[in-house]
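Undergrad: Next come a sequence and a model predicted from it.
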Amino acid sequence: AKYDYDFKKSVVEAYQRGEGGYVALARRYGIPADSTVRKWVKIVEKLDFNALNRRKNKQTYSSQFKQDVIHYYLTSGDSYLNVALKYGLPSGNLLQHWHQLFLREGIEGLLPKLKGRPSMTKKKKKQIPKRPLTREQELERENELLRAELAFVKKLRALGMNIPDRLKNEMHESSTNSERSSD
């Protein structure tokens, strides 16, 4: 960890005592970005000082939880940090990562990935080199992804939720790009 708990606590306490704003405190304590100070202050305001402690063990989240958080983020218009605090995530960066995965891979990107080496007890099958996808197969895969995104948007509408402009823009950009690639 770059900053320990006591350091973070002293910075937040200085802010609470009115010793300066985010920028002034970042300079005074040698923190490169004032957004770091802002993040610590918001975490303490929303949770408490204990939330500034680094977690000892890595938390895992179900794919349904990730989908719920992404859904809330897309419909609320809140920042990554505010949504992360609402759902008890350690940082907005984790939510940003999930959002990027969702944009690149759709719902599949939020599913758990198998980690580690395969068991040695199983017989290995001969690895058949992957052949490049044909143009038709590529289009079918892209079509599946677009269907998944459309189903997600329809689900939002069915729930009576507004679709945020940024999601509309992303969908418009992806449809424009697919139209260009088919030309």
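TA: In hand now; what should we look at?
Undergrad: what about the longest helix in this structure?
TA: Here the longest helix in the chain is taken by residue count, with DSSP state H as the criterion, and it is helix 135-158.
Undergrad: Just the buried positions in that helix, please.
TA: Of the residues in helix 135-158, those buried under the neighbour-count criterion (16 or more other Cβ atoms under 10 Å) are 145, 149, 152, 156. All C-beta atoms are positioned from the backbone trio N, CA, C, and that covers glycine.
Undergrad: export stretch 97-111 as PDB, just CAs?
TA: The C-alpha atoms that make up stretch 97-111 are tabulated as PDB, following Å, rounded to 0.1, in the frame of the first residue of the first chain:
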ATOM      1  CA  HIS A  97     -12.900  -2.400 -14.600                       C
ATOM      2  CA  TRP A  98     -16.300  -4.300 -14.500                       C
ATOM      3  CA  HIS A  99     -17.900  -1.600 -16.700                       C
ATOM      4  CA  GLN A 100     -15.000  -1.900 -19.300                       C
ATOM      5  CA  LEU A 101     -15.400  -5.700 -19.300                       C
ATOM      6  CA  PHE A 102     -19.100  -5.300 -19.800                       C
ATOM      7  CA  LEU A 103     -18.600  -3.000 -22.700                       C
ATOM      8  CA  ARG A 104     -16.000  -5.200 -24.300                       C
ATOM      9  CA  GLU A 105     -17.400  -8.700 -23.700                       C
ATOM     10  CA  GLY A 106     -21.000  -8.100 -22.600                       C
ATOM     11  CA  ILE A 107     -22.500 -10.200 -19.700                       C
ATOM     12  CA  GLU A 108     -19.900 -12.900 -20.400                       C
ATOM     13  CA  GLY A 109     -17.200 -10.500 -19.200                       C
ATOM     14  CA  LEU A 110     -18.800 -10.500 -15.800                       C
ATOM     15  CA  LEU A 111     -18.800 -14.300 -15.400                       C
END
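Undergrad: which outside residues touch that stretch?
TA: Under the criterion Cβ atoms under 8 Å, 6 or more residues apart in numbering, residues 63, 66-67, 69-70, 73, 80, 145, 148-149, 152, 170 lie in contact with stretch 97-111.
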